[in-house]
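S.K.: Could you work out the structure for the sequence below:
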Amino acid sequence: MGGPTAEESDNMVKKDDKGLEESTKQKNEAPWRVYCAHALSTWGDNMWWFAGGCYMLELHKESLRLTATYGLVIAASVILFGASVGRWIDKTRRLTAAKTFLTIQNTAVSICALLLAGFISYKSEIDEANLNLVTAAVSVGAIVLASIARLASSGTNIIIQKDWIVVIAGDDTDQLAKMNSILRTIELTTYMLAPAAAGQLFTFFGFGYTGIFIAGWNIVSVCLEYLLLALIYKKYPALAQKRTRATNSESEDENTIDEENSETNAFREAYEGWKTYMKHPVMKAGVGLACLFMTVLGFDNITYGYCLMQGVPHAALGALVGISALVGVAGSLAYPVLRRRIGIERTGLIGMFLLIACSSLAVISAFLPGSPMDLSYLTHGGSTNILDQQVNSTTEVEVTSERNWTEPEFWLSYASVLVFLTGIILARFGLWVVDLTVNQLLQEKVAEDVRGVVNGVQDSLNNTLDLLKCVLVIILPAQETFALLIFASFISINFGWFMYALYSRSQRGHLFHFCRLVSVMLPDTPSQKRKEEKEEPLNSEETIKMVKDMEEKLYV
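M.R.: Alright, predicted model coming up:
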């Protein structure tokens with residue numbers, strides 16, 4: 001039996017070279033389809049996030065109670081069912097899961113937008129006796145649909161950002177870091193532009209036509225995203241190969257029984273998901289990231305209300321939000337460079353340091369001139385509510401915004417809020433470095449068969465801490481007590497650093513190279529003297545021993 005001929009051998013070598021060349025080309029090619037799909041998805045999410053709040057406020061103009069309920073129910077739905085969503089993702093084919101969540105998300109948003117737009121447009125024609133009942137029914141229906149859309153959006157993000165791009169990047173962690181950075185830059189850009197576009201639609205076309213536009217956008221968007229996902233799935237065959245927990249028929253039978261039992265009890269699935277998460281080595285880093293959500297040191301409705309109460313004009317506040325987004329983009333672009341040069345664990349430590357250092361300015365602002373802090377309010381009361389200020393900004397704000405900035409009194413009156421805003425804007429850089437670091441750790445360290453459930457629980461934990469922040473604001477709603485919220489936020493951020501530091505130490509064996517610091521700062525130590533006294537040339541055996549000793553020191 002003869003071996004292959006020379007011609008056959010040449011053909012086999014050519015095929016191998018061609019396959020290697022195509023693989024290298026595919027690896028080096030920018031996954032623009034992934035970026036386009038993410039841009040469409042985040043644009044729709046951010047536009048609806050802004051529009052949904054505006055619609056809730058329009059339904060109940062007297063206060064932010066309905067808007068707060070809207071946010072609380074959505075957060076609670078993610079907390080309760082986030083683990084179940086992740087578990088279902090782990091058990092389902094990648095393309096099927098992506099298409100399912102994409103369809104549910106866009107359908108729910110479209111129906112919700114049309115429902116709210118139709119009700120607001122024809123509200124005047126509803127009988128006065130039935131108006132309250134109809135309003136309540138529409139509010140409940142809209143909140144339920146929005147919660148479904150949020151859960152589906154969470155599932156889509158887990159699939160694309162936590163699973164697909166890991167498979168696409170393969171073993172190239174530099175490529176994965178670059179993709180994470182670009183995806184986050186896209187997200188921040190749409191976060192800055194989509195609400196502005198929605199605001200223009202509300203201003204020029206009203207609530208009715210804006211709802212129709214949003215519904216139409218989601219229908220067009222889902223078709224384009226379907227096409228892009230199909231192209232991505234076809235281009236990267238590795239996506240079709242998904243590893244599950246079942247490795248043999250016996251384990252498959254056991255999993256089937258478990259699935260049947262868990263499907264009847266979503267809370268049991270949530271419990272199992274949290275159990276898996278808490279036992280995972282990356283848990284400490286995830287908890288550190290979640291602690292960053294329990295903070296008022298960011299640009300959200302609570303911070304907007306506080307700044308307006310301190311006399312910051314709407315136009316200036318809008319410009320500062322844009323600047324904060326640009327600082328965040330700078331952080332996301334700096335992340336892959338930092339990770340490549342100093343490693344992923346050290347990058348997270350530096351991001352935490354920058355975040356805490358800049359956030360400390362917000363703590364200082366509570367003691368500067370112009371600060372409304374007055375803890376005697378806790379016993380006496382009688383102040384303006386932060387939440388009420390978001391709805392009705394008084395004319396006093398407009399008057400104070402016209403003060404002459406050349407006068408010393410102007411800077412004294414605004415000193416506190418200016419330092420506060422400076423701190424939270426600069427902190428965006430470190431925040432997004434930390435966010436990208438922990439997200440990449442969740443991508444690299446979590447096994448494929450539990451990637452969905454671990455990231456689902458992480459999303460639930462993030463929303464839990466965000467919900468806790470809302471509860472604290474409801475308990476302490478006055479501007480005089482806002483300083484207490486700042487202090488609580490700073491403590492939460494520091495605890496997040498502590499948890500991440502514990503994770504970093506568990507992975508690297510240390511936080512800092514104290515031995516190196518001592519040898520640099522104290523050159524007269526005994527070890528340093530012995531080193532200087534040793535002037536004789538080393539033989540080969542001593543050289544090898546020295547190299548091994550150095551390796552052990554470097555990798556402890």
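
S.K.: for the stretch 201-350 of the chain, what are the low-confidence residue spans?
M.R.: Where the stretch 201-350 of the chain drops to pLDDT under 70, the residues are 242-266, 301, 314.

S.K.: Where do the strands of it begin and end?
M.R.: Assigned strands in the stretch 201-350 of the chain: none (criterion: DSSP state E, counting those that start in this stretch).

S.K.: Which residues are in contact with the closest residue to F213 other than its chain neighbours?
M.R.: Nearest non-adjacent residue to F213, counting by C-beta to C-beta, 6 or more residues apart in numbering: L201, 6.1 Å away. Glycine gets a C-beta too; all of them are placed from N, C-alpha and C. By C-beta atoms under 8 Å, 6 or more residues apart in numbering, the residues touching L201 are Y209, T210, F213.

S.K.: May I see the residues you listed arranged in TSV, with neighbour count and distance to P372 as well?
M.R.: Formatted as TSV, those follow (neighbours: other C-beta atoms under 10 Å; distance: C-beta to C-beta, whole Å):
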residue	neighbour count	distance to P372
Y209	14	40
T210	25	36
F213	18	40
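
S.K.: lowest confidence element among the helices and strands of the protein?
M.R.: Ranking every helix and strand in the chain by mean pLDDT, DSSP states H and E puts helix 395-400 at the bottom, with a mean of 41.

S.K.: Helix or strand next in line after that one, which one?
M.R.: Per DSSP states H and E, the first helix or strand lying C-terminal to helix 395-400 is helix 408-445.

S.K.: Skip ahead from that following helix and say which helix or strand is next.
M.R.: Using DSSP H and E, the helix or strand that follows helix 408-445 in sequence is helix 451-475.

S.K.: For this structure, give me the ranges with low pLDDT.
M.R.: In the chain the weaker segments, taking pLDDT under 70 as the threshold, are 1-30, 62-65, 242-266, 301, 314, 381-410, 510-556.

S.K.: nearest spatial neighbour of A51, skipping sequence neighbours?
M.R.: A198 (5.0 Å).

S.K.: for F498, same thing?
M.R.: Distances taken as C-beta to C-beta, 6+ apart put G288 closest to F498, at 7.6 Å, once the chain neighbours are dropped.

S.K.: and the gap between the one you found and S489?
M.R.: According to C-beta to C-beta, to the nearest Å, G288 stands 15 Å off from S489.

S.K.: how about the one helix or strand F81 maps to: buried residues?
M.R.: Applying DSSP H and E as the criterion places F81 in helix 65-91. Residues 66-68, 70-71, 74-75, 77-91 are the ones in helix 65-91 that count as buried (16 or more other C-beta atoms under 10 Å).

S.K.: With adjacent residues omitted, what lies nearest to the residue positioned nearest the centre of the chain?
M.R.: Central residue of the chain (C-alpha atoms, centre = their mean): D435, 6.5 Å from the mean position. Nearest residue to D435, sequence neighbours excluded (C-beta to C-beta, 6+ apart): L289, at 6.7 Å.

S.K.: does that neighbour really touch N462, like I thought?
M.R.: Yes: in this structure, L289 is within contact of N462 by C-beta atoms under 8 Å, at 7.2 Å.

S.K.: For burial, what's the neighbour tally of K445?
M.R.: Using other C-beta atoms under 10 Å, K445 has 16 neighbouring residues.

S.K.: now swap in H280 and tell me
M.R.: 19.

S.K.: Look up how far S460 lies from the closest residue to it other than its chain neighbours.
M.R.: Spatial nearest neighbour of H280, excluding adjacent residues (C-beta to C-beta, 6+ apart): V454 at 6.0 Å. Using C-beta to C-beta, V454 is found at 11 Å from S460.

S.K.: quick one, helices of the stretch 1-150 of the chain?
M.R.: 6-28, 32-59, 65-91, 94-121, 128-159 (DSSP state H, counting those that start in this stretch).

S.K.: Format these as TSV; extra columns: distance to T189.
M.R.: Formatted as TSV, the helices of the stretch 1-150 of the chain follow (distance: least, C-beta to C-beta, whole Å):
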stretch	distance to T189
helix 6-28	25
helix 32-59	8
helix 65-91	24
helix 94-121	20
helix 128-159	16
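
S.K.: Please name whichever of those is nearest to Q479.
M.R.: Closest to Q479 of the helices of the stretch 1-150 of the chain, according to C-beta to C-beta: helix 65-91, at 17.7 Å.

S.K.: on contacts alone, who are the packing partners of that closest one?
M.R.: Helices and strands touching helix 65-91, by 3 or more C-beta pairs under 8 Å, 6 or more residues apart in numbering; DSSP states H and E, are helix 32-59, helix 128-159, helix 266-279, helix 451-475.

S.K.: and the third one, which residues are buried?
M.R.: Taking 16+ other C-beta under 10 Å as the basis for neighbour counts, the residues of helix 266-279 that come out buried are E269, A270, E272, G273, W274, T276, Y277.

S.K.: And those, which is closest to I425?
M.R.: Y277 (32.6 Å).

S.K.: The closest one touches R451, doesn't it?
M.R.: No: with contact defined as C-beta under 8 Å, Y277 does not count as touching R451 (11.5 Å).

S.K.: what's next to stretch 188-200, contact-wise?
M.R.: Under C-beta under 8 Å, 6+ apart, the answer for stretch 188-200 is 39, 42-47, 49-51, 54, 210, 214, 321-322, 325, 328-329, 332, 432.

S.K.: Please apply the same query to stretch 48-58.
M.R.: Against stretch 48-58 from outside (C-beta under 8 Å, 6+ apart): 64, 66-67, 70-71, 109, 112-113, 116, 120, 139, 142, 146, 149, 194-195, 198-199, 202, 207, 210-211, 214, 218, 301, 391.

S.K.: And stretch 206-224, by the same measure?
M.R.: 40-41, 43-44, 47-48, 51, 54-55, 58, 102-103, 106-107, 109-111, 113-114, 116-118, 120-121, 198, 201-202, 205.

S.K.: PyMOL command to pick out the buried ones of these?
M.R.: Under the burial definition 16+ other C-beta under 10 Å, those of those that qualify are selected in PyMOL by:
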select buried, resi 40+41+43+44+47+48+51+54+55+58+102+106+107+109+110+111+113+114+116+117+120+198+201+202
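
S.K.: returning to what we had before: between the helices and strands packed on helix 65-91, which one is closest to Y226.
M.R.: Once those are compared by C-beta to C-beta, helix 32-59 is nearest, at 9.5 Å.

S.K.: How far does that closest one sit from its chain's centre?
M.R.: Distance of helix 32-59 from its chain centroid, counting by C-alpha atoms, centre = their mean, to the nearest Å, is 15 Å.

S.K.: Please apply the same query to stretch 83-92.
M.R.: With C-alpha atoms, centre = their mean, you get 19 Å for stretch 83-92.

S.K.: ditto for stretch 280-294
M.R.: Put simply, stretch 280-294 sits 12 Å off its chain's centre (C-alpha atoms, centre = their mean).

S.K.: then it to CSV, C-alphas only?
M.R.: Taking Å, rounded to 0.1, in the frame of the first residue of the first chain, the C-alpha atoms of stretch 280-294 are listed here in CSV:
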residue,chain,number,x,y,z
HIS,A,280,-17.3,30.9,41.0
PRO,A,281,-13.8,32.4,41.5
VAL,A,282,-14.8,35.6,39.6
MET,A,283,-17.6,36.3,42.1
LYS,A,284,-15.5,38.8,44.1
ALA,A,285,-14.7,40.9,41.0
GLY,A,286,-18.4,40.8,40.0
VAL,A,287,-19.6,42.0,43.4
GLY,A,288,-17.0,44.8,43.1
LEU,A,289,-18.5,45.9,39.9
ALA,A,290,-22.1,45.7,41.3
CYS,A,291,-21.1,48.0,44.2
LEU,A,292,-20.5,50.7,41.6
PHE,A,293,-24.2,50.7,40.8
MET,A,294,-25.2,51.8,44.4
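
S.K.: can you pull the buried residues of that stretch?
M.R.: Quick answer for stretch 280-294 (16+ other C-beta under 10 Å): 280, 282-294.

S.K.: ok, now stretch 326-337?
M.R.: V327, G328, V329, A330, G331, S332, A334, Y335, P336.
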